[in-house]
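after the sequence you'll find the predicted model.
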Amino acid sequence: MHLRHESEQLFEILSGGSAGFGEQHALMHTWTTSDGVRRSTRLVRPTDEHDTMADVMANYDPITPERLVEVCADVAERGAGTRFVAVDGADAARPVDLADQVAARLAARGRAASVVAMADFLRPASLRLEYGHTDAESYRTLWFDHDAVQREVIDAIDERNSWLPRLWDADRDRSFRDRPPPAPADQVILLAGPLLLGSGLDVDVTVALVMSAGALRRHTPPAAAWTIAALVAAAEDAPAADIEVRYDHPDRPALCIRGRAG
């Protein structure tokens, strides 16, 4: 089993971050500090009787895209042995691109790192499209084969020190037939794509690239607009990520590092 929600390590990475906990129902307070930095705080409704005032405050710090890559790389490589990181985000947020940048940064530091794109772990068309090509509920519940990711990537590394980079070629509707590569003892796997939060995958750290419905509408191609309802509904139901990134404007993200102990 892997350690989850490593609060002590996460808080070391970014100064000024406060703990956050709770559901996604919140009031926002935004202000400008004396040195001209614009900040915002989300006041989150407590979820149980043990929540403290620190738990219900979520601070978002402006951050550059380059620093975001550094922070994610810092989190990903903390801890010995194999590490699994989920980078959750709609296709419009381009989570695979961020995961690729993090993997490259880790490789430059001498850490083995690879990206697994959820687009390569889709279910066959006969299952994925059973209720039509634009059924939002199917997109949310049937399209992505999380069980296969757990079995062929996470469990495979734990049990056999090898893993399957890709499973299903959706364009040809057939298996990729990749040969599983060996996994070094310090392998970092970055899972990237939509609908990873709440999927039940056994990962060490979760990163969420959060876009509002308006931003999704602006950045999603018209042919894929039918997925937006499913993405918004899933985000409302998803657990809080260890690292939440406001990503309406990817060139100026804002970061919240949470403090939930596993």
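It's in. Numbering: from 1, shown residues only.

the stretch 51-200 of the chain: helices as residue ranges?
Taking DSSP state H, counting those that start in this stretch as the criterion, the stretch 51-200 of the chain contains helices spanning 65-77, 95-108, 125-128, 136-141, 146-149, 156-160.

mind listing what's buried in the longest one?
I take that to be helix 95-108. Across helix 95-108, burial judged by 16 or more other Cβ atoms under 10 Å covers P95, V96, L98, A99, D100, Q101, V102, A103, R105, L106. All C-beta atoms are positioned from the backbone trio N, CA, C, and that covers glycine.

as a markdown table, those residues with pLDDT and distance to L190 would be great.
Below are the buried residues of helix 95-108 laid out as a markdown table (pLDDT from 0 to 100; distance: Cβ to Cβ, whole Å):
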| residue | pLDDT | distance to L190 |
| --- | --- | --- |
| P95 | 98 | 9 |
| V96 | 98 | 9 |
| L98 | 98 | 9 |
| A99 | 98 | 4 |
| D100 | 98 | 8 |
| Q101 | 98 | 10 |
| V102 | 98 | 6 |
| A103 | 98 | 6 |
| R105 | 98 | 11 |
| L106 | 98 | 9 |
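
can you redo the helices of the stretch 51-200 of the chain as JSON lines with distance to P180?
Listed next are these as JSON lines, based on distance: least, Cβ to Cβ, whole Å:
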{"stretch": "helix 65-77", "distance to P180": "21"}
{"stretch": "helix 95-108", "distance to P180": "18"}
{"stretch": "helix 125-128", "distance to P180": "23"}
{"stretch": "helix 136-141", "distance to P180": "28"}
{"stretch": "helix 146-149", "distance to P180": "13"}
{"stretch": "helix 156-160", "distance to P180": "7"}
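
so which of those is nearest R217?
Set against R217 and scored by Cβ to Cβ, the helices of the stretch 51-200 of the chain come closest in helix 136-141, at 14.2 Å.

name the residues that touch the closest one?
The set of residues external to helix 136-141 that reach it, using Cβ atoms under 8 Å, 6 or more residues apart in numbering, is 128-132, 195, 226-227, 229-231, 233-234.

now list the buried members of those.
The buried subset of the contacts of helix 136-141 - by 16+ other Cβ under 10 Å - is R128, L129, L195, T227, A230, L231, A234.

now the two most distant members of those residues.
Every pair of the buried ones among the contacts of helix 136-141 checked by Cβ to Cβ; the farthest is L129 and A234, at 19.0 Å.

tell me the strands in the stretch 101-250 of the chain, going along the chain?
113-117, 168-169, 174-175, 188-193, 205-210, 243-246 (DSSP state E, counting those that start in this stretch).

ok, which of the helices of the stretch 51-200 of the chain comes nearest R177?
So among these, helix 146-149 is nearest, using Cβ to Cβ, at 14.3 Å.

and that closest one, which residues are buried?
Buried, per 16+ other Cβ under 10 Å, within helix 146-149: H146, V149.

on that earlier part again, any chance of the strands of the stretch 101-250 of the chain in TSV, plus mean neighbour count, mean pLDDT and distance to R151?
TSV is the format used below for these (neighbours: other Cβ atoms under 10 Å; pLDDT from 0 to 100; distance: least, Cβ to Cβ, whole Å):
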stretch	mean neighbour count	mean pLDDT	distance to R151
strand 113-117	22	98	13
strand 168-169	17	96	13
strand 174-175	11	95	14
strand 188-193	26	98	13
strand 205-210	26	97	20
strand 243-246	24	96	26
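
quick one, which of those gets closest to D91.
strand 188-193 (7.8 Å).

ok, that closest one: who's next to it in the sheet?
Under the criterion DSSP bridges, strand 188-193 sits next to strand 83-89 (parallel), strand 113-117 (parallel) in its sheet.

so how far is it off the chain centroid?
In terms of Cα atoms, centre = their mean, to the nearest Å, the centre of strand 188-193 is found 8 Å from the chain centre.

quick one: G81 and I189 touch, right?
No - applying Cβ atoms under 8 Å, one finds G81 not in contact with I189, separated by 11.8 Å.

so P182 versus S199, what's the distance?
26 Å (Cβ to Cβ, to the nearest Å).

perfect, that will be all.
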